[in-house]
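1. below are the sequence and a predicted model; questions follow.
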Amino acid sequence: MFGRRNEGQPVPRKPVVPQPAAARAETSAAPAAASAPAAKSPVAKPAAAKPTARASDHRSENYYQIKTTIFNALIDTIDLTQLAQLDAESAREEIRDIVNEILSIKNVVMSISEQEALLQDICNDVLGYGPLEPLLARDDIADIMVNGCERTFIEVNGKVELTNIRFRDNSQLMNICQRIVSQVGRRVDESSPICDARLPDGSRVNVIVPPLAIDGPALTIRKFRRDKLMMNDLVQYNSISQEGAEVLGIIGKVRCNVLISGGTGSGKTTLLNCLTGFIETDERVITCEDAAELQLQQPHVVRLETRPPNLEGQGQVTMTELVRNCLRMRPERIIVGEVRGPEAFDLLQAMNTGHDGSMGTLHANSPREALSRLEGMITMGGYQLPSKTIREMICGSIDVVIQAARLRDGSRRITHITEVLGTEGDVIITQDLFVYEMDGEDENGRIIGKHKSTGIARPAFWDRARYYNQHHALAAALDRAQG
Ligand SMILES: Nc1ncnc2c1ncn2[C@@H]1O[C@H](COP(=O)(O)OP(=O)(O)OP(=O)(O)O)[C@@H](O)[C@H]1O
Ligand SMILES: [Mg+2]
């Protein structure tokens, strides 16, 4: 049978394939884990106190013992190097055959459903990401946060919940982290304890391990959404009103330079992705990201990604270098996934020099804070410019700041659409077009509020809208928003 190890002739294994010893340590959730009450977690928030019960979490200790025995026997039988060369389906078939054989040799009595579950678990351990697999398979999860082997949290519908997913120990978790980062040609260990990576499906991964992470490896996964949210979805979720969405569409179409501001996980990248939907198909767009998340639908897009230094500390390509290089690629629009450093200067310059309609996101809690953070990034980048000059440059470049927020009930809202008008003396003048006003909360603790137009009938980008023949649509949307 293909994939079996030859008797007495152990075949050398590829590093990316789990080593028998390592794999043996990966026998999924441990017996103790299966019965430990997750709700006792001292860090569990009230909402997190109710662990997500999944069928696989209630297996008996006996099940885990059988699984360990079968798993070890499998690892002794199978040739992992050859197995790695099979496609996932054939590898599963191979494992299925061998496991069935082992079950009958060892005279193990199990129900069909238990056998199926066992097989699934073993395949996950050998071929995939072990206990994480069931979470990765779910489409409703936004984030998976593993805090050491004992606790795994997920974010579902904007709420963070503790799950019953456990790893046998930190070394199993470490092995899984290693497997994830090795797919992008990286390693994570004591000497390089921080690593960004991506899963094959595009999910963004960050790993930080001891000694920096004190209680065991911390793994954070931003799950990739295959069905990316579109502007209509944001309207449906009340993240923005219909009129607000129309104004955002016009902002995207008429090539305003846009900064999307918001906290962690507030929906900045999602909103940026939605806005890029309004870019014409004949425009040449270049995207620069740390981890490619954007999904532009236009045909003329060049996607660029920064590169971290290799193990010898070499080969790094920073966002600044990418943005600068962009300018030599004849871009019409430049999209920067997240502005967090000196590249702010280069982006502003690009916006100022004929690359209208460029966009970027930035971490800040209000439009004003976004602008001052931008100024801070430029100052910190070592540009010896007076702050008045930097502010004038910001005003000359950014047309609109859109603020995204994740509210305390877990919902995501666009809280401001704000124009940057200019400077008066040293101060940047802004004008809100739309704001989200909270009115209270309903009986389920959900926040009630409304997007309100501030009554501005002629935004500063009116002439731009007229140039692109969008002024009637703009006037109509603003008019309706007031009504
Ligand atoms: N308006 C929305 N309504 C519901 N879910 C949303 C909304 N916007 C974003 N999400 C979901 O929230 C999660 C985080 O979104 P996103 O990646 O856009 O946030 P972010 O602000 O870019 O995060 P980060 O700061 O980590 O880069 C994703 O799973 C996304 O699908
Ligand atoms: Mg983001």
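-> Yep, that arrived. For clarity, every value in this text was computed on a predicted model and none was experimentally measured. Ligands and ions are numbered 1, 2, ... in the order given.

2. surely Pro211 touches Glu190?
-> Yes: using Cβ atoms under 8 Å, Pro211 is in contact with Glu190, at 6.5 Å. In this view, the C-beta of every residue, glycine as well, is placed from N, C-alpha and C.

3. give me every residue in the stretch 201-350 of the chain lying close to ligand 2.
-> Within the stretch 201-350 of the chain, the positions adjacent to ligand 2 are 268-269 by Cβ under 5 Å from the ion.

4. does ligand 2 sit close to stretch 406-419?
-> No: Stretch 406-419 does not reach ligand 2 (Cβ under 5 Å from the ion); its nearest approach is 12.0 Å.

5. distance between that stretch and the chain's centre?
-> 18 Å (Cα atoms, centre = their mean, to the nearest Å).

6. just the buried positions in that stretch, please.
-> 406-407, 410-419 (16 or more other Cβ atoms under 10 Å).

7. pLDDT score assigned to the residue of the stretch 201-350 of the chain found nearest ligand 1?
-> Relative to ligand 1, the nearest point of the stretch 201-350 of the chain is Gly267 (2.8 Å; Cβ to the nearest ligand atom). Per-residue pLDDT puts Gly267 at 95.

8. how close does it get to Ser411?
-> For Gly267, the distance to Ser411 equals 10 Å [Cβ to Cβ, to the nearest Å].

9. what sits in contact with each of these two?
-> When contacts are counted by Cβ atoms under 8 Å, 6 or more residues apart in numbering, Gly267 and Ser411 are jointly contacted by Ser239.

10. with adjacent residues omitted, what lies nearest to Tyr383?
-> Using Cβ to Cβ, 6 or more residues apart in numbering and skipping residues adjacent in sequence, the residue nearest Tyr383 is Phe345, 5.7 Å away.

11. in the helix or strand harbouring Leu248, what's buried?
-> Leu248 belongs to helix 242-253 when assigned by DSSP states H and E. By neighbour count on 16+ other Cβ under 10 Å, the buried set for helix 242-253 is 243-253.

12. what packs against the strand or helix carrying Glu114?
-> According to DSSP H and E, Glu114 maps onto helix 112-127. Contact here means 3 or more Cβ pairs under 8 Å, 6 or more residues apart in numbering; DSSP states H and E; on that basis helix 112-127 packs against helix 61-77, helix 88-105.

13. tell me which of those helices sits nearest to ligand 1.
-> Short answer: helix 88-105, nearest of the helices and strands packed on helix 112-127 by Cβ to the nearest ligand atom, at 25.3 Å.

14. what's that closest one packed up against?
-> helix 61-77, helix 80-84, helix 112-127.

15. for Gln316, find the nearest of the ones you listed.
-> Closest to Gln316 of the helices and strands packed on helix 88-105, according to Cβ to Cβ: helix 80-84, at 30.4 Å.

16. quick check: mean pLDDT of that closest one?
-> Rounded mean pLDDT across helix 80-84 is 70.

17. least confident secondary structure element in this protein?
-> None of the helices or strands of the chain scores lower by mean pLDDT, DSSP states H and E than helix 31-35, at a mean of 35.

18. so for the helix holding Glu114, mean pLDDT?
-> Here the average pLDDT along helix 112-127 is 83.

19. low pLDDT regions in the protein?
-> Scanning the chain for pLDDT under 70 picks out 1-60, 80-81, 84, 483.

20. hmm, Leu83 is touching Arg92, no?
-> No: applying Cβ under 8 Å as the test, Leu83 and Arg92 come out as separate, 10.1 Å apart.

21. which of those two has more residues huddled nearby?
-> Between Leu83 and Arg92, counted using other Cβ atoms under 10 Å, the more crowded position is Leu83 (22 against 17).

22. look up how far Asp140 lies from that one.
-> 32 Å.

23. which parts of this protein sit against ligand 1?
-> Applying Cβ under 6 Å from any ligand atom, we find that the chain lies next to ligand 1 at 142, 222, 225, 229, 234, 237, 239, 262, 264-270, 412.

24. between those, which is closest to Arg198?
-> Set against Arg198, the nearest of these by Cβ to Cβ is Arg222 (9.9 Å).

25. contact partners for that closest one?
-> Contacts of Arg222 (Cβ under 8 Å, 6+ apart): 142-143, 203-205, 265, 293.

26. give me the buried positions along stretch 319-333.
-> 319-324, 326-327, 331-333.

27. taking the residues you listed one by one, which sit in strands?
-> Arg333 (DSSP state E).

28. tell me the one of the buried residues of stretch 319-333 nearest Phe153?
-> Nearest to Phe153 among these, with distances taken as Cβ to Cβ, is Met319, at 29.3 Å.

29. tilt between whichever strand or helix holds Ile414 and helix 242-253?
-> Using DSSP H and E, Ile414 falls within strand 412-424. Comparing the axes of strand 412-424 and helix 242-253 via axes from the mean of the first three to the mean of the last three Cα atoms, to 10 degrees yields an angle of 60 degrees.

30. who does the helix or strand just after strand 412-424 pair with, and is each partner parallel or antiparallel?
-> Elements were assigned by DSSP H and E; along the chain past strand 412-424, the next helix or strand is strand 427-441. According to DSSP bridges, strand 427-441 has the following sheet partners: strand 412-424 (antiparallel), strand 447-453 (antiparallel).

31. how about strand 427-441 as PDB, C-alpha atoms only?
-> The C-alpha coordinates for strand 427-441 follow below in PDB (Å, rounded to 0.1, in the frame of the first residue of the first chain):
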ATOM      1  CA  VAL A 427      -4.900  73.800  12.900                       C
ATOM      2  CA  ILE A 428      -6.400  71.300  10.500                       C
ATOM      3  CA  ILE A 429     -10.100  72.100   9.800                       C
ATOM      4  CA  THR A 430     -12.400  69.100   9.200                       C
ATOM      5  CA  GLN A 431     -16.100  68.900   8.600                       C
ATOM      6  CA  ASP A 432     -18.300  65.900   9.300                       C
ATOM      7  CA  LEU A 433     -20.700  64.900   6.500                       C
ATOM      8  CA  PHE A 434     -22.200  61.900   8.300                       C
ATOM      9  CA  VAL A 435     -22.000  60.800  11.900                       C
ATOM     10  CA  TYR A 436     -23.400  57.800  13.800                       C
ATOM     11  CA  GLU A 437     -25.400  58.900  16.800                       C
ATOM     12  CA  MET A 438     -26.100  56.400  19.600                       C
ATOM     13  CA  ASP A 439     -29.600  56.600  21.100                       C
ATOM     14  CA  GLY A 440     -29.300  53.800  23.700                       C
ATOM     15  CA  GLU A 441     -29.600  50.100  23.700                       C
END
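
32. list the buried residues of it.
-> By 16+ other Cβ under 10 Å, the buried positions in strand 427-441 come out as 428, 430, 432-436.

33. tell me, how many residues neighbour the residue in the stretch 1-150 of the chain that ligand 1 sits nearest to?
-> Across the stretch 1-150 of the chain, the shortest distance to ligand 1 (Cβ to the nearest ligand atom) belongs to Ala142, at 3.1 Å. Neighbourhood size, Ala142 [other Cβ under 10 Å]: 20.

34. give me the element it is part of.
-> Using DSSP H and E, Ala142 falls in strand 141-147.

35. that strand: what's the following helix or strand?
-> Under the assignment DSSP H and E, the closest C-terminal helix or strand after strand 141-147 is strand 151-156.

36. how far is the helix or strand just after that following strand from where the chain is centred?
-> Following strand 151-156 in sequence order, the next helix or strand is strand 159-162 (DSSP H and E). Once both centres are worked out by Cα atoms, centre = their mean, strand 159-162 turns out to sit 16 Å from its chain's centre.

37. what about stretch 137-148, how long is it end to end?
-> Start and end residues of stretch 137-148 are separated by 21 Å (Cα to Cα, to the nearest Å).
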